[in-house]
Every structure is written in C-alpha cells, then in structure tokens.
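[1] predicted coordinates and the sequence they were generated for:
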Amino acid sequence: MMIQLDTNIANFTNDKGEETPVQIEVKDVNIFYGSNHAVKDVNMPIHEKSITALIGPSGCGKSTFIRTINRMNDLIPIARCEGNILYRDNNILNPKIDVVQLRKEIGMVFQQPNPFPKSISENIQLPLKFAGMRNKKILKETTENCLKEVGLWDEVKDRLDHSATGLSGGQQQRLCIARALALKPSVILLDEPTSALDPVSTSKIEELLLRLKKDYTIVIVTHNMQQAARIADYTAFFYQGELVEFGLTRNLFTHPEKKSTADYISGRFG
Ligand SMILES: Nc1ncnc2c1ncn2[C@@H]1O[C@H](COP(=O)(O)OP(=O)(O)OP(=O)(O)O)[C@@H](O)[C@H]1O
C-alpha cells in the first residue's frame, strides 16, 4: 500500500509557513537483510533546515531506513540497498562515493549515548584530529563553540579534562550531538535519541533540536508521537517496511489520509 507522493515537493512549507527546499530525495529505496525485505519502495523528500520525524511501530524499518542515509548499514554484512538517495547531485547509495566524507556531512546520533571513554574535550577533538586537524587553537575554539551550541558549555567548562562517562545520560547525549557538530555536518540523523533519557533531559534535547534546525537538516526516529508532534515539521509514518504517509506534521496528525496512520496516531496499535 505504498502511497504516491507528490513529487512537486517544493510546495511544502514548514510550520512557520516558510518554504524549505528539498535537501535529500529518496527514490525507490528498498533495503534487504538477506531475504528479509525490510524497507519497501520508499519515496520521500527530506527538507533542508527542517525536522523530519520517522514514526511507526517496532520493526517497521525506521532504524534501517535512517541508517541507510549515511550508509551505516554498510557495517551489516547481510544488508543490501537498492534505489537512489540523492544528495548534492550524488546518489548516497553509489558504492563509489566517499563514505568517510559522507558521514562528516551527514552525522548520526544513536539511542544510547555513546561518548568515547575519554575526556569531554577529547570527545569533540578526536574526530577533528582523525580528519587531520592539528591546530590547537582551532581545536580549542571548536570545542567551546560546539559545547555552547548544545547548551553544555556552562555545565562542563570547568571539567573539560574529566571523563565524558561521568556526565549524566542527557549530558552525554548532548555531548554526542556536539561531537557530530564538530565535523560541520549539514544533516544530523538521530535514532531515538531520547528514549533512554528522563523527561527533563528529553525536553532539553527537543529544545536543542528546535534551535539546531535553523542551521541543520534533522531526521529523527521516534517512538514518541507527542515528540514528533512537538518538534517535527514533517512526519513520515512507516508500517511493515512501507512508507504509508508523509506530510507536514500538523496535517498528518490532524487529517491523516490513510486509515493505518489514523489508527497508529490514535494509539489503536503499535
Ligand atoms: N542488523 C540486522 N540484521 C538483520 N535484520 C535486521 C537488522 N536490523 C533490523 N533488522 C530487521 O529489519 C526489520 C526492520 O527493523 P528496524 O530495526 O529497522 O525497525 P524499527 O522500526 O527501527 O524498529 P524499532 O522501533 O523496534 O527499533 C525487522 O524485520 C528487523 O528484524
């Protein structure tokens, strides 16, 4: 029951009524794990400097799909992807693209905060050093700027050399977002970034994402429909590997076009 998406997507606007151009275009994407067809014929736009939420019941393919956007599924030997994910005139799924460069431009944050077991500042600086940056002044400035960007600077500025694993879960997750920002990405993918966090830490991350969308394109997998409704400009509802419905969040939640979307958002299953 794949829906036909309107490809004239430039007409979409975000919740402020502003047009946001399409940054990534997903075309006819199919993903398999061996013989398991996990994601089926997905077509959707991802709009620049907007938040796109991926929702749907467990096992519907949300994580599989988001991981494909920066080729994390390459790490799973039985995973196979077909189709096109167009980004800056390239197909992300082209085996010849530079995956290291891709992951600098399209960063990822996971469900469990996963800081390196190093100091807070090294968490920001290691990816930069790995990318060849040696200038100590720039490393220091970037550390401060990224920590300020995620609202963590005032909380940690006096203990930058302490282990990141000593931070709270919410602080660790903001550090992981800061680490992704250090590489100056244009897109940030987040796979259930708040599901391991308490409500206060969750709302800090939501506020942070709303700030970050001014400068970054954000795609978030969430089980929490209220979260999608609170922060996402666009929402995609997946069910059994198919993209059932995509649209402006306010439309999808108030006037879903498909019965299964209506059933899911009203809590009748999932
Ligand atoms: N690493 C993997 N190896 C093999 N099969 C996988 C792998 N990851 C996911 N799958 C399968 O792909 C399908 C989609 O799973 P996926 O984790 O993408 O769904 P999801 O919507 O993110 O679920 P959840 O909300 O529970 O995280 C399922 O059938 C799952 O078993």
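    Sure thing, it's come through. Numbers count the residues shown, from 1 in each chain.
[2] near the ligand, which residues of the protein show up?
    Residues of the chain found near the ligand (CB under 6 Å from any ligand atom) are 33, 36, 38, 56, 58-64, 76. Using the backbone N, CA and C atoms, a C-beta is placed for each residue, glycine as well.
[3] out of those residues, which sit inside strands?
    Applying DSSP state E to the residues of the chain next to the ligand, the entries found in strands are 33, 36, 38.
[4] rounded mean pLDDT for stretch 136-153, please.
    Across stretch 136-153, pLDDT averages out at 96.
[5] out of the ones in strands among the residues of the chain next to the ligand, grab the one that's most surrounded.
    Within these, most neighbours by other CB atoms under 10 Å means Ala38, with 22 neighbours.
[6] correct me, but that one touches Thr64?
    Yes - taking CB atoms under 8 Å as the definition, Ala38 is a contact partner of Thr64 at 4.8 Å.
[7] just checking, what packs against the helix or strand Gln172 falls within?
    According to DSSP states H and E, Gln172 maps onto helix 169-182. Helix 169-182 sits against strand 106-109, helix 120-130, helix 136-149, strand 187-191, helix 199-212, with contacts defined as 3 or more CB pairs under 8 Å, 6 or more residues apart in numbering; DSSP states H and E.
[8] could you dump those to CSV with mean neighbour count?
    Converted to CSV, the helices and strands packed on helix 169-182 look like this (neighbours: other CB atoms under 10 Å):
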stretch, mean neighbour count
strand 106-109, 22
helix 120-130, 20
helix 136-149, 16
strand 187-191, 24
helix 199-212, 16
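[9] could you dump these to a markdown table with distance to Thr235?
    As requested, these are arranged in a markdown table below (distance: least, CB to CB, whole Å):
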| stretch | distance to Thr235 |
| --- | --- |
| strand 106-109 | 19 |
| helix 120-130 | 30 |
| helix 136-149 | 25 |
| strand 187-191 | 14 |
| helix 199-212 | 14 |
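[10] for the residue nearest the centre of the chain, which non-adjacent residue is closest in space?
    For the chain, the residue nearest the mean C-alpha position is Leu189 (1.9 Å; CA atoms, centre = their mean). Nearest non-adjacent residue to Leu189, counting by CB to CB, 6 or more residues apart in numbering: Met108, 4.6 Å away.
[11] same question, Glu192
    Gln111 (4.2 Å).
[12] ditto for Val99
    Excluding the flanking residues, the one nearest Val99 by CB to CB, 6+ apart is Arg71, at 5.1 Å.
[13] okay, that neighbour and Asn90: tell me how far apart.
    12 Å (CB to CB, to the nearest Å).
[14] go on, Asn36?
    28 Å.
[15] ok, Gly61 - contacts?
    For Gly61, the contact set (CB atoms under 8 Å, 6 or more residues apart in numbering) comprises 31, 38-40, 238, 240-241.
[16] mind giving me the PyMOL select for those, buried ones only?
    Those of those that count as buried under 16 or more other CB atoms under 10 Å are selected in PyMOL with:
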select buried, resi 31+38+39+40+238+241
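[17] quick one: which of the contacts of Gly61 is nearest the ligand?
    Of all the contacts of Gly61, Ala38 has the smallest distance to the ligand: 3.6 Å, by CB to the nearest ligand atom.
[18] ok, back up a step: pull the most distant pair out of the contacts of Gly61.
    Ile31 and Gln240 (13.3 Å; CB to CB).
[19] show me where this protein dips below the pLDDT cut-off.
    Within the chain, the stretches with pLDDT under 70 are 1-19.
[20] hang on, the earlier thing: ok, the residue nearest to Glu192 touching Cys176?
    No - if you go by CB under 8 Å, Gln111 and Cys176 don't touch, sitting 10.7 Å apart.
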